[in-house]
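Participant: Sequence and predicted structure are below.
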Amino acid sequence: MTKKKILVTGGAGFIGGNFVQFMVEKYPHYDIYNLDLLTYAGDLTKHRDIEKKDNYHFIKADIVNSDEMTSLFEKEKFNYVIHFAAESHVDRSITDPNIFVQTNIVGTQALLNASKLIGISKFVHVSTDEVYGELDFNPSTFFTEDTPLQPNSPYSASKASSDLLVRAYYETYGLPINITRCSNNYGPYHFPEKLIPLTISRVLNDQKIPVYGDGENIRDWLHVYDHCAAIDLVLHEGVNGEIYNVGGHNERTNLEVVQTIIRALGKSNELIEFVTDRPGHDKRYAIDPSKLGELGWKPTYTFETGIIQTIQWYLDNQNWWKQIISGEYEGYFEKQYNL
Ligand code: NAD
Ligand code: DAU
């Protein structure tokens, strides 16, 4: 029997990297191709345990390069595409939106064209709840798949644009697609520019934690392993053309998240430093995941169990994040926060 070929874009990043490891272990009869440009957010050291496996392959390439994508797809004849590759950090999109338009919109279209050309069996586009904009603080309101798109940052606007292109390839050409829109992820290999790993690494170094505004903005946290299982399910069971929200009802204010980490590490809240708010800062995200629940998905981590597992992972893997914060990132952090 010929093995199915699965192309995972962005598989050197946080969620894509966890997904590649999950798929390589779970499906020895699939060939997993990790395609990544290895930008500042990409790192292959995380794949040391799987890189020698027969069913894992790495391709260094830029999804924006349409000709390269076309010839690659014609050569490899992938069966499925799971598209994670993106510029993913809201703060960076505020200081430099251009690369977000290139990678997230132009790159997605290059992949859609190549997928259409060879007639792939499924294109799963990994999107975000941020395309819906923000909710108010009324705890009974949630994002559903029918919530209108109202992105507020250049990042979320670029993701919403790519969602519309993906949808159009289904409506116009019948490309078999799904779009997933997940809430905030956390867990192993989360890049330390994002709130949770930034807080853990800085608390461990007794450094100040920059909390934007009053710290009352709310995010809905999902462990990355639960997100990986959701995408696996959508890949195999998702109805073509459908959108699925992914989230586990774990709403916390940013201040609660930061204080939970400080407490777990036995440090003092004096490390908290309130700083100038993020422009256009979305107040609250909260997902209604019931449509995905009908396919049989439910999260296995609560925030309480997931955050302790994650803190322990950062304690056990200090080499990984220390090599990152000692490089290019150091300059970024000083410029961003002046702390
Ligand atoms: P990440 O920034 O950690 O990783 C992105 C990866 O894409 C990196 O490995 C990078 O090298 C690669 N990449 C960037 N530009 C590329 C290009 N031109 N060609 C090929 N590869 C390129 O991102 P993440 O947090 O893992 O997010 C992955 C996806 O999930 C994104 O599409 C993001 O919008 C979406 N998402 C993220 C979250 C979250 O909480 N992190 C939540 C919902 C959805
Ligand atoms: O909701 C899904 C999105 O979650 C993904 O689409 C994005 O790719 C991902 O980066 C994430 O976006 P956020 O902007 O919500 O994540 P971030 O970790 O940057 O910020 C989380 C919250 O914490 C947000 O309200 C801003 C605040 N924050 C963030 C940083 C980096 C701070 O208060 N201080 C900080 O230093």
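Facilitator: Happy to help now that I have it. Ligands and ions are numbered 1, 2, ... in the order given.
Participant: worst-scoring helix or strand of the protein, pLDDT-wise?
Facilitator: helix 328-337 (a mean of 71; mean pLDDT, DSSP states H and E).
Participant: just the strands in the stretch 151-300 of the chain please.
Facilitator: Secondary structure of the stretch 151-300 of the chain (DSSP state E, counting those that start in this stretch): strands at 177-182, 185-186, 209-212, 218-220, 222-223, 243-246, 251-253, 272-275.
Participant: Need the ones you listed in TSV (columns: mean neighbour count, distance to ligand 2 and mean pLDDT).
Facilitator: The C-beta positions use only the backbone N, C-alpha and C, and glycine is treated the same way. Listed next are the strands of the stretch 151-300 of the chain as TSV, based on neighbours: other CB atoms under 10 Å; distance: least, CB to the nearest ligand atom, whole Å; pLDDT from 0 to 100:
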stretch	mean neighbour count	distance to ligand 2	mean pLDDT
strand 177-182	25	7	99
strand 185-186	23	7	98
strand 209-212	20	4	98
strand 218-220	21	5	98
strand 222-223	26	9	98
strand 243-246	25	10	98
strand 251-253	18	9	98
strand 272-275	14	7	98
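Participant: give me the element the residue lying closest to residue 162 once chain neighbours are set aside is part of.
Facilitator: The spatially closest residue to residue 162, leaving aside those adjacent along the chain, is residue 108, at 4.0 Å (CB to CB, 6 or more residues apart in numbering). Element membership for residue 108 (DSSP states H and E) is helix 107-118.
Participant: circling back: between the strands of the stretch 151-300 of the chain, which one is closest to residue 18.
Facilitator: Across the strands of the stretch 151-300 of the chain, residue 18 has its closest neighbour in strand 185-186 (8.7 Å, CB to CB).
Participant: ok, back up a step: in TSV: the strands of the stretch 151-300 of the chain, plus distance to residue 135.
Facilitator: Output for those, formatted as TSV (distance: least, CB to CB, whole Å):
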stretch	distance to residue 135
strand 177-182	14
strand 185-186	18
strand 209-212	17
strand 218-220	8
strand 222-223	16
strand 243-246	13
strand 251-253	10
strand 272-275	23
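Participant: how about residue 310, phi and psi?
Facilitator: phi -70, psi -40 (degrees, to the nearest 10).
Participant: Please tell me how far the closest residue to residue 259 other than its chain neighbours sits from ligand 1.
Facilitator: Nearest non-adjacent residue to residue 259, counting by CB to CB, 6+ apart: residue 269, 6.2 Å away. Counting by CB to the nearest ligand atom, to the nearest Å, the gap from residue 269 to ligand 1 is 25 Å.
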